[in-house]
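Q: missing the sequence, but the structure's below:
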Ligand SMILES: [Zn+2]
Ligand SMILES: [Zn+2]
């Protein structure tokens, strides 16, 4: 068995080990050095947010048992995708794949903020009134399915090495838990880190109730995309401790914190014009 076969075979175990390892580290860090006080009890948050994660894992497993890695094995075996077609050297193909998949995730995130119907699904992630490691994995099942389909399409076109897909899934999952962490990072370290990656302070801006802030900092891994596409905001206007997190209209704990409320959240209220073009908070902003 070569390395790729090994990775493909033990993919679930490898990913779960990283998930639990990073989750525990972040949870301990949040206890040791929290950035903000939570507005509702951690027990209540975690039972419901992790309940949703558990539900999503079951749905994904049932619908797509082979997941993204299975798709990568299929495209590699059949020589599909640009990287297979052009016979790109392995190491280069891994790097290109990881960077390109991260770019697609960025675009997908912009998309779910731009189209009102998709925003309804993505609201579940944003309606969380607090921000901690469990927010990072809190998505509506339909958005999770949509993400997987977009990932399949990306893999078919790109033809990434199987290893690159496994590594990317681990990085994405780990980074989502890291940058949603309710953790205090020394400001100097934050400044250096965010030259390359998305830090907790950088992504927290995206969870602000203010439209222009929530429609910024869409990146999950590399901070490059927001800088490149003009969607970068350095800090929240009210500061990290005072800024309001969540969505203006939704505060009822039954709706935003209970699992049942999260599942029905996309289907309540009229489809409004909420979309990415509401970025006009600052009067001095000429563009
Ligand atoms: Zn978002
Ligand atoms: Zn987020």
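A: Cool, the structure landed. Treat the numbers as computed from the prediction; the structure is a model and nothing was measured. Residues are numbered from 1 along each chain as shown. Ligands and ions are numbered 1, 2, ... in the order given.

Q: could you check how far residue 53 is from residue 184?
A: Distance, residue 53 to residue 184, by CB to CB, to the nearest Å: 25 Å. For every residue, glycine as well, the C-beta is placed using N, CA and C.

Q: I'd say residue 15 and residue 172 touch.
A: No - here residue 15 does not reach residue 172: they are 10.4 Å apart, not a contact under CB atoms under 8 Å.

Q: okay, and for the protein, where does confidence drop off?
A: 1, 271-287 (pLDDT under 70).

Q: now do the buried residues in the lengthiest helix in it.
A: Using DSSP state H, we find that the single longest helix of the chain is helix 90-114. Buried residues in helix 90-114, counted by 16 or more other CB atoms under 10 Å: 93-94, 96-98, 100-106, 108-113.

Q: neighbouring contacts of the helix or strand that that helix is followed by?
A: On the C-terminal side of helix 90-114, the nearest following helix or strand under DSSP states H and E is helix 116-126. Helix 116-126 is contacted by residues 52, 111-113, 135, 138-140, 142-143, 146, 207, 214, 246-247, 250, 262, 265-267, 271-275 when judged by CB atoms under 8 Å, 6 or more residues apart in numbering.

Q: repeat for stretch 13-22
A: Against stretch 13-22 from outside (CB under 8 Å, 6+ apart): 7, 166, 169, 170, 173, 174, 177, 178.

Q: chain center to that stretch: distance?
A: 17 Å (CA atoms, centre = their mean, to the nearest Å).

Q: which parts of that stretch are buried?
A: Buried, per 16+ other CB under 10 Å, within stretch 13-22: 14, 15, 18, 19, 22.

Q: which stretch of helix or strand covers the second one?
A: Element membership for residue 15, per DSSP H and E: helix 11-32.

Q: can you pull out the helices in the stretch 51-200 of the chain?
A: 67-78, 82-85, 90-114, 116-126, 141-158, 162-179, 187-193, 200-206 (DSSP state H, counting those that start in this stretch).

Q: same for the first one, what does it pack against?
A: Read it as helix 67-78. Helices and strands in packing contact with helix 67-78 are listed as helix 3-9, helix 141-158, helix 162-179; criterion 3 or more CB pairs under 8 Å, 6 or more residues apart in numbering; DSSP states H and E.

Q: residue 40 touches residue 132, doesn't it?
A: No - using CB under 8 Å, residue 40 is not in contact with residue 132; the gap is 11.0 Å.

Q: of these two, which one has the most company?
A: residue 132 (25 against 14; other CB atoms under 10 Å).

Q: phi, psi of the more buried one?
A: phi -150, psi -170 (degrees, to the nearest 10).

Q: rewinding a little: could I get the helices and strands packed on helix 67-78 as a markdown table with mean neighbour count?
A: Below are the helices and strands packed on helix 67-78 laid out as a markdown table (neighbours: other CB atoms under 10 Å):
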| stretch | mean neighbour count |
| --- | --- |
| helix 3-9 | 14 |
| helix 141-158 | 18 |
| helix 162-179 | 22 |
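
Q: so which of these gets nearest residue 28?
A: Smallest distance to residue 28 across the helices and strands packed on helix 67-78 (CB to CB): 12.3 Å, for helix 162-179.

Q: re the thing from before, so which of the helices of the stretch 51-200 of the chain is nearest residue 225?
A: So among the helices of the stretch 51-200 of the chain, helix 90-114 is nearest, using CB to CB, at 4.1 Å.

Q: helices or strands up against the closest one?
A: Helix 90-114 packs on helix 82-85, helix 116-126, helix 141-158, helix 162-179, helix 224-228, going by 3+ CB pairs under 8 Å, 6+ apart.

Q: same thing but at 7 Å, please
A: Secondary-structure packing of helix 90-114 (3 or more CB pairs under 7 Å, 6 or more residues apart in numbering; DSSP states H and E): helix 82-85, helix 116-126, helix 141-158, helix 162-179.

Q: quick one: which of the ones you listed is nearest residue 257?
A: helix 116-126 (11.2 Å).

Q: list the buried residues of that closest one.
A: 118, 119, 120, 121, 122, 123, 124, 125, 126.
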